[in-house]
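*Asks:* Provide a 3D model corresponding to the input given below.
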Amino acid sequence: MKRINKHLVVLLLPLLISACVAATKTTGRPGWVDGGPGRYSAGLYLTGVGSGDTLDEAQDRARADLAKIFRVEVREESRFVERVERPSQGATRHSSAASSSVRTRTEGVLSGVTIAESWHDRAARRYYALAVLERRKAETALAEKIHALDEVTQRYLASAESENDMLRKIAWTARAVAAQEERGRTQSMLRVVDQTGLGIPAPWTHQQLQTRLTGLAGRITVAPVASGRAPGVVEQALAGALAEAGFLARSGGAAAYVVEAKLSWRDLGLREGWYWLAGSLDLVLRDAAGAVRGRRSWPIKESATRRELARQRAVAAATALIRSGLRDTLLEFAGAH
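*Replies:* Model prediction:
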């Protein structure tokens, strides 16, 4: 019997060795490298593939490839909000803020990304990496963020409803609008991971809240007043920015608020062929009783090969600041009291 067992071992040993070798031997180019099916099904995971000269480079590109899925989707949401809220010059500022929010939100979701597999193409001297994100975990995190944004929006709207000061009422409503814009971007990301593509329905639409904000602003009269350099041009810019923000600009008459802008500069003279000016644009908001509701100052520094051109550039810089920043500045003043 022992002799028979010994013979069996001798006969089976080559087969056992062969099986072990087959289990550890590389199977060649993985299917996921070329976008084919793999162990991580689309129903349960989002995936990204990257390649590079080093493994670290391939992994970074795989994560970036996965992140691109979210950024493309959220960018469309941001463009929609931008068209609704700011169809003119102010869109640039809003777009920049939205882009920053998109990056922050995407980075938060991508904290759950792992590098599941990697492969080295020795012939091509190229590394490949597969990044995966579990849909369920990402969906939970995004849903929690959406519920939190809805809760804070409700609190902002309740504060606006109970507020007697019209400027503060507008500030609370503007915060609600901003929270729902953030919700919209988060919702777009949720649609990516949610297989139904529906996400979580919003209690309010962006258009509803924006209409509410515009209606409140239209009930406030603000008188634009300018002093210092180029007062006529600066006051005209103030009136235009107030109208664009939805306020009733009322020059030379009784108004609930007065916004004062003063442009000033010092002539620094000629330096290496350039005329330099340095100064500031100062903004003050007062109520009807004359009490200061807020102050803000922006530095102004311009140069040109001609002194007059440098002055023109300083005026242009001041009016650009007014057009792009007046609305948010007034809302900041309102929120500070």
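
*Asks:* going forward, measure contacts between C-alpha atoms and count neighbours the same way
*Replies:* Will do.

*Asks:* where does the nearest residue to Asp282 once chain neighbours are set aside land on pLDDT?
*Replies:* Computed as Cα to Cα, 6 or more residues apart in numbering, the closest residue to Asp282 that is not its neighbour in sequence is Ser297, at 4.4 Å. pLDDT for Ser297: 97.

*Asks:* With Tyr257 instead?
*Replies:* pLDDT, Tyr257: 93.

*Asks:* can I assume it is in contact with Leu285?
*Replies:* Yes - Tyr257 is within contact range of Leu285, at 7.0 Å (criterion: Cα atoms under 8 Å).

*Asks:* how close does Phe247 sit to Tyr257?
*Replies:* 10 Å (Cα to Cα, to the nearest Å).

*Asks:* Now the common contact residues for the two.
*Replies:* Residues touching both Phe247 and Tyr257 (Cα atoms under 8 Å, 6 or more residues apart in numbering): 220-222.

*Asks:* May I see the buried residues of the helix or strand where Gly294 lies?
*Replies:* Assessed by DSSP states H and E, Gly294 sits inside strand 292-304. Buried positions in strand 292-304, judged by neighbour count with 16 or more other Cα atoms under 10 Å: 293-295, 300-304.

*Asks:* which two from those residues end up farthest apart in space?
*Replies:* Arg293 and Ala304 (36.3 Å; Cα to Cα).

*Asks:* what sits up against the strand or helix carrying Arg212?
*Replies:* Taking DSSP H and E as the criterion, Arg212 maps to helix 206-217. With Cα under 8 Å, 6+ apart as the test, helix 206-217 has contacts from 81, 84-85, 166, 169-170, 173-174, 176-177, 180-181, 245-248.

*Asks:* from the residues you listed, which is closest to Gly325?
*Replies:* Distances from Gly325 to the contacts of helix 206-217, taken by Cα to Cα, are shortest for Ala245, at 10.1 Å.

*Asks:* On the three-state scheme, the closest residue to the closest one other than its chain neighbours is what?
*Replies:* Nearest non-adjacent residue to Ala245, counting by Cα to Cα, 6+ apart: Arg327, 5.6 Å away. Secondary structure assignment for Arg327 (DSSP: H, G, I helix; E, B strand; the rest coil): helix.

*Asks:* Next one, pLDDT for Arg327 please.
*Replies:* pLDDT, Arg327: 89.
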